[in-house]
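1. Here you go, sequence then predicted model.
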Amino acid sequence: MLRNKATGEIQTSTDLGRAISTGWWADVGQCKPPQLRGLAARAPFFHDGSAESLHDVVPFDKECFHIALEVDEEATLVRFLEVFSALSEARRTGWGAPGKRVAFIIVEARLCACDWL
């Protein structure tokens, strides 16, 4: 049970939804979009684990949501999600030389890194 301190309104919810990250009362129970950070490492996908990789997810979503993607665009999207996951992991683990900031650049769906002084 949740109580809004400002208005006294009470809500019963088992899912805080977006409110868990925003802290806003209006977001209690609202849909929270999944994070892309580390997405590739969270396989298998879907509630039943039926998609073993992102290569299985993208065509399914394309068909389910009627998204017009060419085969090369599907591959680029999968690669982007993999690169985004690698970028998140690199930032989390502090990839790069000690004391230097690292710049990450995505070029043609490939992750490139260079040290800044």
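-> That came through, no problem. Note that this is a predicted model, so its numbers are computed, not measured. Numbering: from 1, shown residues only.
2. center of this structure, which residue is that?
-> By Cα atoms, centre = their mean, the chain has its centre lying nearest to Leu36, at 1.3 Å.
3. Name the nearest residue to Phe60, ignoring sequence neighbours.
-> Leaving aside its chain neighbours, Phe60 sits nearest to Ala51 (6.4 Å; criterion: Cβ to Cβ, 6 or more residues apart in numbering). Glycine gets a C-beta too; all of them are placed from N, C-alpha and C.
4. still on that earlier bit, if I look at the residue nearest to the centre of the chain, how far off is Ala75?
-> 17 Å (Cβ to Cβ, to the nearest Å).
5. Equivalent analysis for Asp56, please.
-> Remark: distance between Asp56 and Ala75 (Cβ to Cβ) = 13 Å.
6. tell me, what's touching these two both at once?
-> Applying Cβ atoms under 8 Å, 6 or more residues apart in numbering, one finds that no residue jointly contacts Asp56 and Ala75.
7. Tell me the confidence at the closest residue to Gln11 other than its chain neighbours?
-> Using Cβ to Cβ, 6+ apart and skipping the chain neighbours, the partner closest in space to Gln11 is Leu2 (4.9 Å). Per-residue pLDDT puts Leu2 at 77.
8. same check, this time on Cys64
-> Checking the pLDDT column for Cys64, the value is 85.
9. quick check: domain ranges of the chain?
-> As given by automatic domain parsing, the domain ranges for the chain are 1-33, 36-116.
10. So for the first one, what gets flagged as buried?
-> Spelled out, that is domain 1-33. Within domain 1-33, the residues that count as buried by 16 or more other Cβ atoms under 10 Å are Leu16, Arg18, Ala19, Asp27, Val28, Gly29.
11. just to revisit the earlier point, ramachandran coordinates for the residue nearest to Phe60?
-> The phi and psi values for Ala51, taken as degrees, to the nearest 10, are phi -110, psi 110.
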